[in-house]
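Q: sequence plus the predicted model coming up.
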Amino acid sequence: MKKMAKLAAVLMAAAFTTNTLAADITLKLAHTWPKGFPLFATSVDEYAKLVNEMSDGKIEILVDSRNKHKAAFGIFDFVKSGQYDIGQSASYYYGGKEPDALFFTTMPFGMTAIEQTAWFYEGGGLELANEVYAKHGMEVMLALNTGQQMGGWFRKEINSVADLKGLKMRIPGFGGKVMAKVGAVPTNLPPGELYQALERGTIDALEWVGPSLDLRMGFHKVAPYYYTGWHEPGAELMFFFNKKKIDSLPAWAQSVLRNAAKLTGYKASTQTFHASLENWATIKAEYPNVKVKDFPKEVIQALKKANAELIAEEAKRGGLTQRIVESQAAYLKKARAWTQIGDQSYLNNIAK
């Protein structure tokens, strides 16, 4: 009898452990990046862990990287179709499927990271983004902001607009449209193919992110000219949720998923800034061959002109597109007035 009682106690304990550890909700998430890719992919793993912790183990997220699903730019279709419940990627990769998606990563000569984050959360930007994605059965949340991005790695120095003519460059999003308008040949490649394309001369230049991620990619070995930014002053990655799936979950679960995204986005953005300052110090100290350059004034003026013309063309589509363009322009005007009297004046003052 004692043996039977002991066995029953063991079985009950095992059953209790199994029940407490088993997730009530299991979701599948796909992202654009290679498994373990710093910041972009690792922040997704941290998101899955945080969701599990905040839900007391009741929600489990199974994460698939590009290594598993084999489609770096397939996240939009994966989530829209319900093949995956959640995705993480950059909105501007999907401008071919939804033209208004281009506006929600970053815009050339647009808002800085903090200005854009404020627009999303306080200026109606996230509501506009979700109005766009609702047409495709999705909901979005911010996932990570890279901060100011560099203008790219170039094999040859850029001295004039003429040097951009026929230049083959990896540059996605609205920045790619601007480069095309001034005569360059933009393309988009996943991160795993960038170094090889640059080394072999398949492309003449590329923009990736900034010191936070560029250093480990080795671009400086084949393209010594590192230009400062204009095209992505605050690039935002996003979580994409299948709307039907998230709406089917209990309210507490929806709250966990959304609030964990906010926390993850804040932490990942901070980590990215930290990585940039650390890697920038390394570049300065260990790679004197890297030549940091500003684009000539003539080039910047040509890019600005092309950008303004393209945005005006987009706005002519009217409706939701026009509302997005007008919202960004109005918020940028107000935000920049404060940025200039605040941060910019401070930096100018302490440099005197």
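A: That came in fine, so what should we check first?
Q: might you report the residue contacts of residue 154?
A: 204-205, 223, 225-227 (CB atoms under 8 Å, 6 or more residues apart in numbering). C-beta here means a position set from N, CA and C on the backbone, and glycine is covered the same way.
Q: between the residues you listed, which has the most around it?
A: residue 205 (24 neighbours; other CB atoms under 10 Å).
Q: distance of that one relative to residue 351?
A: Distance of residue 205 to residue 351, computed by CB to CB, to the nearest Å: 31 Å.
Q: which SS class is the residue nearest in space to the middle of the chain?
A: By CA atoms, centre = their mean, the chain has its centre lying nearest to residue 237, at 2.4 Å. The local conformation at residue 237, judged by DSSP: H, G, I helix; E, B strand; the rest coil, is strand.
Q: who is it paired with across the strands?
A: residue 90, residue 144 (DSSP bridges).
Q: tell me the pLDDT at it?
A: Listed pLDDT for residue 237 reads 98.
Q: just to check, it is in contact with residue 89?
A: Yes: if you go by CB atoms under 8 Å, residue 237 and residue 89 touch, sitting 6.8 Å apart.
Q: could you redo the contacts of residue 154 as CSV and give each row distance to residue 153 and secondary structure?
A: As requested, the contacts of residue 154 are arranged in CSV below (distance: CB to CB, whole Å; DSSP: H, G, I helix; E, B strand; the rest coil):
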residue, distance to residue 153, secondary structure
204, 10, coil
205, 6, strand
223, 4, coil
225, 7, strand
226, 6, strand
227, 8, strand
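Q: all strands of this structure, in order?
A: 25-31, 59-64, 86-90, 138-145, 152-154, 168-170, 185-187, 205-206, 225-227, 236-242, 291-293 (DSSP state E).
Q: so which elements touch the fourth one?
A: Secondary structure elements in contact with strand 138-145, counted by 3 or more CB pairs under 8 Å, 6 or more residues apart in numbering; DSSP states H and E, are helix 42-54, helix 113-122, helix 125-134, strand 236-242, helix 243-248, helix 251-286.
Q: how far off helix 113-122 does that strand point, in degrees?
A: Strand 138-145 and helix 113-122 are oriented at 150 degrees to each other (axes from the mean of the first three to the mean of the last three CA atoms, to 10 degrees).
Q: next, the angle strand 236-242 makes with strand 138-145.
A: Using the same axes, to 10 degrees, strand 138-145 lies at 150 degrees relative to strand 236-242.
Q: and for strand 138-145, what's in contact with it?
A: With CB under 8 Å, 6+ apart, strand 138-145 has contacts from 39-40, 43-44, 47, 79-80, 88, 91, 104, 113, 116-117, 120-121, 126, 129-130, 133, 234-243, 246, 258, 261-262, 264-265, 268-269, 272.
Q: quick one: that strand to chain centroid distance?
A: Centroid separation between strand 138-145 and its chain, computed with CA atoms, centre = their mean, to the nearest Å, is 9 Å.
Q: let's see it as PDB, backbone CA atoms only.
A: Provided in PDB are the C-alpha atoms of strand 138-145 (Å, rounded to 0.1, in the frame of the first residue of the first chain):
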ATOM      1  CA  MET A 138      -2.700  42.300 -40.200                       C
ATOM      2  CA  GLU A 139      -1.900  44.400 -37.200                       C
ATOM      3  CA  VAL A 140       1.500  45.900 -36.600                       C
ATOM      4  CA  MET A 141       3.600  47.000 -33.600                       C
ATOM      5  CA  LEU A 142       7.000  48.600 -33.400                       C
ATOM      6  CA  ALA A 143       9.900  46.200 -32.900                       C
ATOM      7  CA  LEU A 144      13.200  48.000 -33.100                       C
ATOM      8  CA  ASN A 145      14.600  51.300 -34.300                       C
END
